[in-house]
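Q: Structure of the sequence below:
(chains A and B)
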Amino acid sequence: MRSVERCLTLLRAVLSRLATTLITLIGVAVIVFFVIRVVPGNPIAMMVAPGATEADIAALKAQYGLDKSIPVQFGIWLSGVVHGDFGTSITTRQPVLSLVLSRLPATLELSVMALIIAMILGGFAALTGTRLRGTRTEAAIDVGNGMALSVPDFLWGLLLILGFGVLLPVFHISGRVTPSLDLPFVTNFYLTEALLRLRFDLWADIVSHMFLPALALAIPLAAIIGQLLKQSLKETMHLDYVTLSRTKGYGENHVILREALPNAILPTLTLVGVQFTFLIGGTVIIERLFSYEGLGNMAIDAVINRDLPLIQGIVILFALIFTLVNLAVDLCYAALNPRLRHG
Amino acid sequence: MSFLEIRNLSAKVKGNPVRLLRGVSLEVEAGEVRGLVGESGAGKSMIGKAILGTLPASVELTAGQILLGGEDLGALSPKARRSRIGATCALIPQDPLTALNPSRRIGPQITDRLVDILGWGRAKAEARALELLAEVHIPDPARVLRAYPHELSGGMRQRILIASAFAAEPKLIVADEPTTALDVTVQKQILKLIAEMQARHGTALLFVTHDLGVVSKVCDRLSVLYGGMVVEDTTTRAFFAGPSHAYSRALLAATPKYTDPEGSLTPVPEEVLVAVQGELVMADRAYGRAGGTHG
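A: Down below sits the predicted model:
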């Protein structure tokens, strides 16, 4: 009975969060729609051939609905969105929704890979620093964290390209996969699908392309995770239940991993959620840097070409991802913290 | 034979010459309840921590020995020392609200030592935990084993910690002010429970407290500490009949009397403090002459 009740409470919480998400998305839609129409720049100017007449331009404007007032344009666009139609890209003349969805998997895979790398690196740094607290190793970890944190991700990207792409060419530094390869994939989740199809040759090639951009995104996040987790581990290590566990005969490793970590990880987890959304934002520049065919790269092209419907679609999608990630973090938090689970 | 023997134990904070423990010697016989009393900072908790190997990293032992069952803990490797302590000693901590891990269920927190350190089977350990919870008068033990600490009251949690301390049938339990953090109404029950469990299991108990009232109820013998030095080591009966050391007498006189609630509180007189501090200085000089490190 209790577990059924718990499920219902959870469901209600999720639904109310989704309702809030909807309001957020509408707000984002309004802002992005008006802002990109107010800033200078004109999509038609990018399209017309030199020597086009006023009439040609007017015809094009009418074709894309740009001759109407901005509120009217918004109304048309919004009613389309409600029916699942995000408009047509001005540059490629393809539906925005299918364009965006075709690029989304690449960015998701990159972000998740970066997140995993960041958690491994940061977790390792925090645990090692806690285990060897008071030693030179801990001091070295602190210095490393500081350096990782003070250099932004795109600079790490450049350094990695220089280091492991040019000087010591072990990884690919451009694209998502070697173009000459024959890809059997039906989805755009290349990395996941290669793994599911047990095509480890393709998988290795994709990882080799993704590793450096993912690492560049991961390094600053790893430093934040490492610092925060080490700090909260340090505080937790002084608590009575940790001392009690020591008197039971347990060694330091066990005490850190089993007693301290599950409690110390909670504040870090919240932060990871917030930082993960920043990380997705960071893909915009990193994807450009590594010519990685994801959403971020597409966003930059869309802005350069003033492809208004495409910009709108991408921004809405980013906003959706942000809110869903935050929801997922809250659910994880509830699962890890028994005091919230029963709340 | 005494199970715990502390010989001439000295401790200090690293990089600070002042000693926290000044040549403490005390013994706890098998099955005996020994009180360790003194004011705040007298070093009573420090002794408990030294026995259980949980001194903070900033504190170092500079001299002396701790023997458990005749075995010198200082002579063992850290790992051997840990398992030796875990198998023969246990702690009843001060604050039940922070001494249970909030993210773990009660059951594993009682059985983990039995399974991981003593190598019991899981089923046997769980049966033992149920039995112990019943012993400390916890209703519906099976439900409590599956509960998380936040679902239980402070008194319940202290009962669980007591049960957990007795789980492995240790030879010695260090009770570090086990009633200080509890409501006055619960204090008495918990004290009675500890005495009851101690008598039933015949475990030696080192009872760290600043409350002489508690000592008079549960202890066979007591050591009075001042400034990290044992100033008196006597039986409870002899102590309450009339302590021999001036500081002990003053400490006893300073205890509020329930029989005379209107009576004013007596502080420890100045001259007694001066005298006992003089003794500390003498002890430090003797320690320095004997080659003890002072830096």
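Q: Pull the distance from stretch A:282-301 to the chain's centre.
A: Stretch A:282-301 sits 12 Å away from the centroid of its parent chain (CA atoms, centre = their mean, to the nearest Å).
Q: ok, now stretch B:101-112?
A: That offset, for stretch B:101-112, works out to 22 Å (CA atoms, centre = their mean).
Q: Now do the same contact list for residue 284.
A: Went with chain A since none was named. For A:Val284, the contact set (CB atoms under 8 Å, 6 or more residues apart in numbering or on different chains) comprises A:Gly296, A:Asn297, A:Ala299, A:Ile300. C-betas here are computed from N, CA, C, even on glycine.
Q: right idea, wrong chain: chain B
A: B:Asp284 neighbours (CB under 8 Å, 6+ apart): B:Arg19, B:Arg22.
Q: Just say helix, strand or coil for it.
A: helix (DSSP: H, G, I helix; E, B strand; the rest coil).
Q: quick one: contacts for the residue nearest to B:Val186 when sequence neighbours are not counted?
A: Spatial nearest neighbour of B:Val186, chain neighbours left out: B:Gly155 (4.2 Å); criterion: CB to CB, 6 or more residues apart in numbering or on different chains. Contacts for B:Gly155 (CB under 8 Å, 6+ apart) come out as B:Pro96, B:Leu182, B:Asp183, B:Val186, B:Gln189, B:Ile190.
Q: Widest-spaced pair of the residues you listed?
A: B:Pro96 and B:Gln189 (12.9 Å; CB to CB).
Q: What parts of the stretch 1-150 of chain A come near chain B?
A: A:Arg133, A:Gly134 (CB under 8 Å from any CB of the partner chain).
Q: residue of the stretch 1-150 of chain A with the smallest distance to chain B?
A: The minimum distance from the stretch 1-150 of chain A to chain B, using CB to the nearest CB, falls at A:Gly134 (6.3 Å).
Q: related to what we said a few turns ago, just the buried members of the contacts of A:Val284?
A: Using 16 or more other CB atoms under 10 Å in any protein chain shown as the burial test, the contacts of A:Val284 include A:Gly296, A:Asn297, A:Ala299 as buried.
Q: Model confidence for the second one, exactly?
A: To tie it back to what came earlier, the one meant is A:Asn297. pLDDT for A:Asn297: 93.
Q: Give the helix, strand or coil label for it.
A: helix.
Q: Kindly report the same for B:Leu20.
A: Per three-state DSSP, B:Leu20 ends up strand.
Q: same check, this time on B:Leu222
A: Applying three-state DSSP: B:Leu222 is strand.
Q: Surely it and B:Arg237 touch.
A: No - at 10.3 Å, B:Leu222 does not count as touching B:Arg237 under the criterion of CB atoms under 8 Å.
Q: circling back to that earlier point, now the contacts of A:Val284 as a markdown table including distance to A:Ala106?
A: A markdown table is the format used below for the contacts of A:Val284 (distance: CB to CB, whole Å):
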| residue | distance to A:Ala106 |
| --- | --- |
| A:Gly296 | 9 |
| A:Asn297 | 9 |
| A:Ala299 | 12 |
| A:Ile300 | 14 |
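Q: and which of the residues you listed is nearest to chain B?
A: A:Gly296 (37.2 Å).
Q: I figured the closest one hits A:Thr283, correct?
A: Yes - between A:Gly296 and A:Thr283 there is a contact at 4.1 Å, judged by CB under 8 Å.
Q: more crowded one of B:Pro96 and B:Gln189?
A: B:Pro96 (26 against 16; other CB atoms under 10 Å in any protein chain shown).
Q: Doesn't that one belong to a strand?
A: No - judged by three-state DSSP, B:Pro96 forms no part of a strand; its state is coil.
Q: Spit out the residues that contact A:Gly296 and A:Thr283 alike.
A: Common neighbours of A:Gly296 and A:Thr283 (CB under 8 Å, 6+ apart) are A:Thr107.
Q: measure stretch B:40-58 end to end?
A: 19 Å (CA to CA, to the nearest Å).
Q: Does chain A have contacts with it?
A: Yes - interface with chain A: stretch B:40-58 contributes B:Leu52, B:Gly53, B:Thr54, B:Ala57 (CB under 8 Å from any CB).
Q: mind listing what's buried in that stretch?
A: Along stretch B:40-58, these residues count as buried under the neighbour rule (16+ other CB under 10 Å): B:42-55.
Q: Provide a list of residues in contact with the closest residue in space to A:Thr130 that isn't next to it in sequence.
A: Spatial nearest neighbour of A:Thr130, chain neighbours left out: A:Leu233 (4.4 Å); criterion: CB to CB, 6+ apart. Applying CB under 8 Å, 6+ apart, we find A:Leu233 in contact with A:Ala126, A:Leu127, A:Thr130, A:Ile256, A:Ala260, A:Leu261, A:Ala264.
Q: hmm, 10 Å instead?
A: Each residue near A:Leu233 by CB atoms under 10 Å, 6 or more residues apart in numbering or on different chains is listed here: A:126-127, A:129-131, A:133, A:242, A:256, A:260-261, A:263-265, A:268.
Q: Flag every buried residue along the helix or strand that it is a member of.
A: Assessed by DSSP states H and E, A:Leu233 sits inside helix A:200-236. Residues A:202-203, A:205-207, A:209-234, A:236 are the ones in helix A:200-236 that count as buried (16+ other CB under 10 Å).
Q: Hmm, A:His238 is touching B:Pro56, no?
A: Yes - taking CB atoms under 10 Å as the definition, A:His238 is a contact partner of B:Pro56 at 8.5 Å.
Q: Assign a three-state SS to B:Ile66, would you?
A: strand.
Q: Could you give the number of residues near the closest residue to A:Phe211 other than its chain neighbours?
A: By the measure of CB to CB, 6+ apart, the closest residue to A:Phe211 outside its immediate chain neighbours is A:Phe171, 5.4 Å from it. A:Phe171 has 18 neighbouring residues, counting by other CB under 10 Å.
Q: Make sure I have this right: A:Phe171 is in a helix.
A: No - secondary structure of A:Phe171 (three-state DSSP): coil, not part of a helix.
Q: Show the pLDDT at it.
A: 91.
Q: if we can go back for a sec, pick out the lowest-pLDDT one from the residues of stretch B:40-58 next to chain A.
A: When the residues of stretch B:40-58 next to chain A are compared, B:Ala57 shows the smallest pLDDT, 86.
Q: how about it, secondary structure?
A: Applying three-state DSSP: B:Ala57 is coil.
Q: Pretty sure it sits against A:Glu252.
A: No - here B:Ala57 does not reach A:Glu252: they are 11.1 Å apart, not a contact under CB under 10 Å.
Q: between these two, what contacts are shared?
A: What both B:Ala57 and A:Glu252 touch, as defined by CB under 10 Å, 6+ apart, is the set A:Arg133.
Q: returning to that earlier point: farthest pair in the buried residues of stretch B:40-58?
A: Longest span within the buried residues of stretch B:40-58, CB to CB: B:Ala42 and B:Gly53, 20.8 Å.
Q: from the buried residues of stretch B:40-58, which single one is nearest B:Val18?
A: Closest approach to B:Val18 among those (CB to CB): B:Gly43, at 11.6 Å.
Q: What residues does the residue nearest to the closest one when sequence neighbours are not counted make contact with?
A: Using CB to CB, 6+ apart and skipping residues adjacent in sequence, the residue nearest B:Gly43 is B:Gly228, 3.9 Å away. Contacts of B:Gly228 were listed using CB under 10 Å, 6+ apart, and they are B:9-12, B:18-24, B:38, B:41-44, B:46-47, B:280, B:283.
Q: Could you rerun that using 6 Å?
A: Neighbour list for B:Gly228: B:Arg19, B:Leu20, B:Leu21, B:Arg22, B:Gly43 [criterion: CB atoms under 6 Å, 6 or more residues apart in numbering or on different chains].
Q: how many other residues sit next to A:Pro184?
A: A:Pro184 - counted by other CB under 10 Å - has 10 other residues nearby.
Q: On the three-state scheme, it is what?
A: Counting by three-state DSSP, the backbone at A:Pro184 sits in coil.
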